[in-house]
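J.: Please find the sequence and the predicted model below.
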Amino acid sequence: DQELEDETDDELVARPPVVTVMGHVDHGKTALLDAIRNAKVAAGEAGGITQHIGAYQVITEHEGIERAITFIDTPGHEAFTAMRARGAQVTDIAILVVAADDGIMPQTIEALNHAQAANVPIVVAVNKIDKPGANPQKVRQQLTEFGLVAEEYGGDVMFVDVSAKQGTGIQEVLNAVLLTADAGLDMRANPDKDARGVAIEARLDKGRGAVATVLIQSGTLNVGDSIVAGTAYGRVRAMADENGVPVLAATPSRAVQVQGLSSVPRAGDTFLVIQEDRTARQIAEKREAAERNALLAKARKRISLEDFTRALEEGKVESLNLIIKGDVSGAVEALEESLLKIEVDDSVQLRIIHRGVGAVTESDVNLATVDNAIIIGFNVRPDTKARERAAREGVDVRFYSVIYNALEDIENSLKGMLKPEFEEVQSGVAEIREVFSSSKFGNVAGVIVRSGVITRNAKARVIRNGVVVGDNLGIESLRRFKDDVTEVRTDFECGIGLGKFNDIQIGDEIETIEMKEKPRV
Ligand code: GDP
């Protein structure tokens with residue numbers, strides 16, 4: 001919008017809306033994107049071969065006028081949040097796909113949380129209505145609870161029944177997108193200036209070098225322009241659209257694949273045209289150095305619950321944002337309900353920006369970085385990618401297995417008390433590679449230690465697919481070959497017996513826990 005302020009009204013021209021398709025896995029995001037594309041390929045344009053460049057544009061007749069819509073065709077909200085994590089907002093409207101035979105599922109909620117957090121209006125495509133078990137009205141009812149109230153029920157969200165498979169309802173989806181755009185969004189940009197936008201996909205091509213799909217957000221990008229995209233730079237040697245057709249000039253909301261960059265930018269990197277080649281290179285190099293420094297600084301600065309408390313006290317923030325993940329929906333709901341009952345004075349606010357069942361994922365961590373949130377894991381753990389990303393971004397991920405403890409921490413924090421003096425520290429993680437039955441010890445896990453140290457006197461936990469299946473277990477035996485040992489370090493193999501706890505499987509993780517005094521910051 002800063003962009004718009006720089007422009008006078010008569011320089012601004014209507015541009016097509018940019019749409020992302022989100023929803024639960026298998027609900028038909030890809031099928032819908034394909035159906036839209038297939039229904040709308042204009043005969044004249046299909047000169048080249050269909051390319052998946054990360055976006056495509058369709059032309060549709062709406063209220064007697066030809067209108068274009070740009071679709072980002074990497075479905076899912078991971079891409080959406082990853083871009084937002086870089087500060088890029090490319091999406092004007094999100095289409096939330098919900099299978100009518102399945103109803104809302106965890107990722108449906110996750111997707112709508114992400115869209116709502118980004119203030120992106122939603123159109124709901126109720127898909128698979130051709131199926132015998134389809135219940136499109138139920139989907140409408142279910143989503144009401146999440147603030148998406150269908151127009152027919154007095155709300156302002158457009159729901160469209162579709163069958164991506166049979167190609168029905170596709171035109172209605174396009175109409176709904178345009179009506180939603182026209183209802184509340186200022187979709188204009190100035191095409192008569194140097195281009196700016198966002199890289200939405202990029203890769204290294206064997207023959208062509210770095211290729212990046214960029215979405216033009218304002219101005220016009222021409223072949224021959226010198227650009228910087230993130231830390232990549234170069235002259236645009238050639239551009240092509242999603243039909244493989246060469247493009248000489250790309251206007252706002254158009255996505256084109258460009259060749260000529262020095263390296264591969266990341267999805268979400270912004271790009272802009274720079275007059276001088278040399279300046280472009282200098283900017284790219286400065287950015288690269290700045291990025292390195294920022295990474296270093298971030299590694300030092302951790303966003304912890306304690307930091308939040310302090311910031312709340314100092315009046316620097318007004319809300320404590322939380323993401324709750326748990327092993328079962330009952331626990332998540334119970335935790336959420338209890339958290340929302342905490343009484344605090346009016347100046348602070350507790351916001352639960354996302355909740356869900358299952359392991360803490362990279363997408364949760366991304367959302368936490370974007371919206372400055374703390375992640376609460378109740379009987380769940382982060383997957384490897386999430387763990388790495390949380391460490392890199394300094395996101396506070398706190399684990400609890402007792403609701404009361406979580407409540408106490410959050411309550412103390414909101415009331416400005418920086419308490420917990422002891423905290424659980426994960427001392428080691430081992431992966432189960434084999435399970436042996438022993439008459440003496442019951443089931444014994446043959447493991448390899450993946451990180452830290454497994455010690456004989458630590459408490460252990462068993463985690464399966466990110467969910468805790470056994471907690472507070474004693475290590476009854478710890479052996480390397482035939483020897484009893486007191487500790488085993490990273491990359492070594494050993495046998496772990498968990499006493500009476502026998503529910504272990506290949507692929508589970510055994511995590512060991514110690515209580516450590518918390519360093520006072
Ligand atoms: P995504 O994971 O959300 O991208 O889902 P896909 O588009 O891959 O679809 C998942 C499955 O549902 C595939 O087997 C599709 O053929 C099927 N599917 C998608 N849309 C429809 C539909 O409208 N009707 C029926 N019967 N099946 C569909």
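T.: Nice, I can see it. Numbers count the residues shown, from 1 in each chain.

J.: list the buried ones in the longest strand along the chain?
T.: For the chain, the strand that runs over the most residues, judged by DSSP state E, is strand 422-438. Across strand 422-438, burial judged by 16 or more other CB atoms under 10 Å covers 424, 426, 427, 428, 429, 430, 432. Any C-beta I mention is one placed from the backbone N, CA and C, and that applies to glycine too.

J.: Who is the residue nearest to the second one when sequence neighbours are not counted paired with across the strands?
T.: Across the structure, with CB to CB, 6 or more residues apart in numbering as the measure, the residue nearest residue 426 apart from its sequence neighbours is residue 511 (5.7 Å). Beta-bridge partners of residue 511, counted by DSSP bridges, are residue 429, residue 461.

J.: so what's residue 215 bridging to?
T.: residue 198, residue 255.

J.: what's near enough to touch it?
T.: Neighbour list for residue 215: 18, 55, 70, 72, 90, 197, 198, 199, 200, 253, 254, 255 [criterion: CB atoms under 8 Å, 6 or more residues apart in numbering].

J.: Relative to residue 39, which of those residues is nearest.
T.: residue 70 (15.7 Å; CB to CB).

J.: Name the SS class of whichever residue of the stretch 351-500 of the chain sits closest to the ligand, please.
T.: Distances between the stretch 351-500 of the chain and the ligand by CB to the nearest ligand atom are smallest at residue 363, namely 15.0 Å. Following DSSP: H, G, I helix; E, B strand; the rest coil, residue 363 is assigned to helix.

J.: Would you confirm that it contacts residue 110?
T.: Yes - contact criterion CB atoms under 8 Å: residue 363 and residue 110 qualify, at 7.1 Å.

J.: Name the residues of the protein found near the ligand, please.
T.: 23, 25-31, 75, 127-128, 130-131, 163-165 (CB under 6 Å from any ligand atom).

J.: what's the closest of the residues you listed to residue 193?
T.: residue 75 (32.2 Å).

J.: what pLDDT does that closest one get?
T.: Residue 75 is assigned 68 on the pLDDT scale.

J.: Please apply the same query to residue 459.
T.: Looking at residue 459, the pLDDT reads 90.

J.: Quick one: residues contacting it.
T.: Counted by CB under 8 Å, 6+ apart, residue 459 has contacts 472, 473, 474, 512, 513, 514.

J.: Could you check how many residues crowd around the nearest residue to residue 40 once chain neighbours are set aside?
T.: In this structure, residue 40 finds its nearest non-sequential neighbour in residue 58, 3.7 Å apart by CB to CB, 6+ apart. Using other CB atoms under 10 Å, residue 58 has 22 neighbouring residues.

J.: my guess is residue 156 meets residue 148, correct?
T.: No - with contact defined as CB under 8 Å, residue 156 does not reach residue 148; the gap is 9.4 Å.

J.: Which one's more surrounded, these two?
T.: residue 148 (23 against 12).

J.: re the thing from before, could you single out the nearest of the buried residues of strand 422-438 to residue 36?
T.: The closest of those, once distances to residue 36 are taken by CB to CB, is residue 429, at 44.1 Å.

J.: Which helix or which strand is home to residue 147?
T.: For residue 147, there is no enclosing helix or strand under DSSP states H and E.

J.: Hmm, it is touching residue 115, no?
T.: No - between residue 147 and residue 115 there is no contact under CB under 8 Å: 11.0 Å.

J.: So for those two, which residue has more residues nearby?
T.: residue 115 (22 against 11).

J.: Does the closest residue to the more buried one other than its chain neighbours belong to a helix, a strand or coil?
T.: Spatial nearest neighbour of residue 115, excluding adjacent residues (CB to CB, 6+ apart): residue 94 at 4.1 Å. Of the three states, residue 94 takes strand under three-state DSSP.

J.: following the lowest-mean-pLDDT helix or strand in the chain, which helix or strand shows up next?
T.: The weakest-scoring helix or strand in the chain, judged by mean pLDDT, DSSP states H and E, is helix 2-5 (a mean of 47). Later in the chain than helix 2-5, the nearest helix or strand by DSSP H and E is strand 13-14.

J.: Paired strands for that following strand, with orientation please.
T.: strand 188-189 (antiparallel).

J.: which stretches of the stretch 401-521 of the chain form helices?
T.: Counting by DSSP state H, counting those that start in this stretch, the segments of the stretch 401-521 of the chain that form helices are 403-414.

J.: And the stretch 1-150 of the chain, by the same measure?
T.: 2-5, 29-40, 77-85, 106-117, 136-144.

J.: which helices and strands sit right next to the fourth one?
T.: Counting contacts by 3 or more CB pairs under 8 Å, 6 or more residues apart in numbering; DSSP states H and E, the secondary-structure elements packed against helix 106-117 are strand 18-23, helix 77-85, strand 93-99, strand 122-127, strand 349-357, helix 362-371.

J.: and stretch 81-88, how far out from the chain's middle?
T.: The chain centroid and the centroid of stretch 81-88 are separated by 9 Å under CA atoms, centre = their mean, to the nearest Å.

J.: and it, what's its mean pLDDT?
T.: Mean predicted lDDT for stretch 81-88 stands at 72.

J.: what's that stretch in contact with?
T.: So stretch 81-88 is contacted by 89-90, 114, 118, 198, 200, 266-270, 363, 366-367, 369-370 (CB under 8 Å, 6+ apart).

J.: Please export the C-alpha coordinates of it as PDB.
T.: The C-alpha coordinates for stretch 81-88 follow below in PDB (Å, rounded to 0.1, in the frame of the first residue of the first chain):
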ATOM      1  CA  THR A  81       3.700 -18.700   4.600                       C
ATOM      2  CA  ALA A  82       7.300 -19.200   3.400                       C
ATOM      3  CA  MET A  83       6.800 -16.100   1.200                       C
ATOM      4  CA  ARG A  84       5.200 -14.200   4.000                       C
ATOM      5  CA  ALA A  85       8.100 -15.100   6.200                       C
ATOM      6  CA  ARG A  86      10.200 -13.100   3.800                       C
ATOM      7  CA  GLY A  87       7.800 -10.200   4.000                       C
ATOM      8  CA  ALA A  88       6.200 -10.800   0.700                       C
END
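
J.: buried sites along it?
T.: 81, 82, 83, 84, 85, 86, 88.

J.: wait, which of the residues you listed is closest to residue 106?
T.: residue 81 (15.3 Å).

J.: hmm, who's touching stretch 266-281?
T.: Under CB under 8 Å, 6+ apart, the answer for stretch 266-281 is 79, 82-88, 194-202, 212, 214, 219, 221, 225-235, 262, 265, 283.

J.: re the thing from before, what number of residues lie near the residue of the stretch 351-500 of the chain closest to the ligand?
T.: Residues lying near residue 363 (other CB under 10 Å) number 25.

J.: Nice, that's everything, thank you.
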